[in-house]
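Q: test case, fold it:
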Amino acid sequence: MPRQSVFDMKVSKVYPLLVAKAEKKGRTKAEVDEITAWLTGYDMDSVDLDVTYAEFFDNAPAYNPRAELITGKICGIQVETIEDPLMKKIRQLDKLVDELAKGKPMEKILR
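A: Coordinates of the predicted model:
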């Protein structure tokens, strides 16, 4: 079975994994929602989870210009060096949730 690109995965499949990562480390869904809202402008309670991850990021209502301040490695890759704009946005959200799961305070995560 061929691997599905993260761009084509539904938000309903990926988002619960981000929440589970945070909850496993004692953080909350509300904190993940706050991070996602800060980065994308979405209110996660009203998002259509049946869209692809690519559509989710491409149609973000207010992508935060401060996202460029997100640096560091996620999955062994420096976030700030990712050339594909869509993959960079995906990895930025991953990095923020990773920081949350590692116990970083919200005021530092939200730069």
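Q: what sits against residue 71?
A: 78-80 (CB atoms under 8 Å, 6 or more residues apart in numbering). C-betas here are computed from N, CA, C, even on glycine.
Q: and stretch 25-38, what's buried?
A: 27, 31-38 (16 or more other CB atoms under 10 Å).
Q: any of the contacts of residue 71 buried? List them.
A: For the contacts of residue 71, buried by 16+ other CB under 10 Å: residue 79.
Q: quick one: which of the contacts of residue 71 is nearest residue 93?
A: Closest approach between the contacts of residue 71 and residue 93, by CB to CB: residue 79, at 10.1 Å.
Q: I'd say that closest one and residue 70 touch.
A: Yes - here residue 79 reaches residue 70: they are 5.7 Å apart, a contact under CB atoms under 8 Å.
Q: before we move on, the earlier item: could I get the buried residues of stretch 25-38 as JSON lines with distance to residue 109, secondary structure and pLDDT?
A: Shown next, in JSON lines, are the buried residues of stretch 25-38 (distance: CB to CB, whole Å; DSSP: H, G, I helix; E, B strand; the rest coil; pLDDT from 0 to 100):
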{"residue": "27", "distance to residue 109": "10", "secondary structure": "coil", "pLDDT": "97"}
{"residue": "31", "distance to residue 109": "9", "secondary structure": "helix", "pLDDT": "98"}
{"residue": "32", "distance to residue 109": "11", "secondary structure": "helix", "pLDDT": "98"}
{"residue": "33", "distance to residue 109": "13", "secondary structure": "helix", "pLDDT": "98"}
{"residue": "34", "distance to residue 109": "9", "secondary structure": "helix", "pLDDT": "98"}
{"residue": "35", "distance to residue 109": "6", "secondary structure": "helix", "pLDDT": "98"}
{"residue": "36", "distance to residue 109": "12", "secondary structure": "helix", "pLDDT": "98"}
{"residue": "37", "distance to residue 109": "12", "secondary structure": "helix", "pLDDT": "97"}
{"residue": "38", "distance to residue 109": "8", "secondary structure": "helix", "pLDDT": "98"}
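Q: thanks again, I'm all set now.
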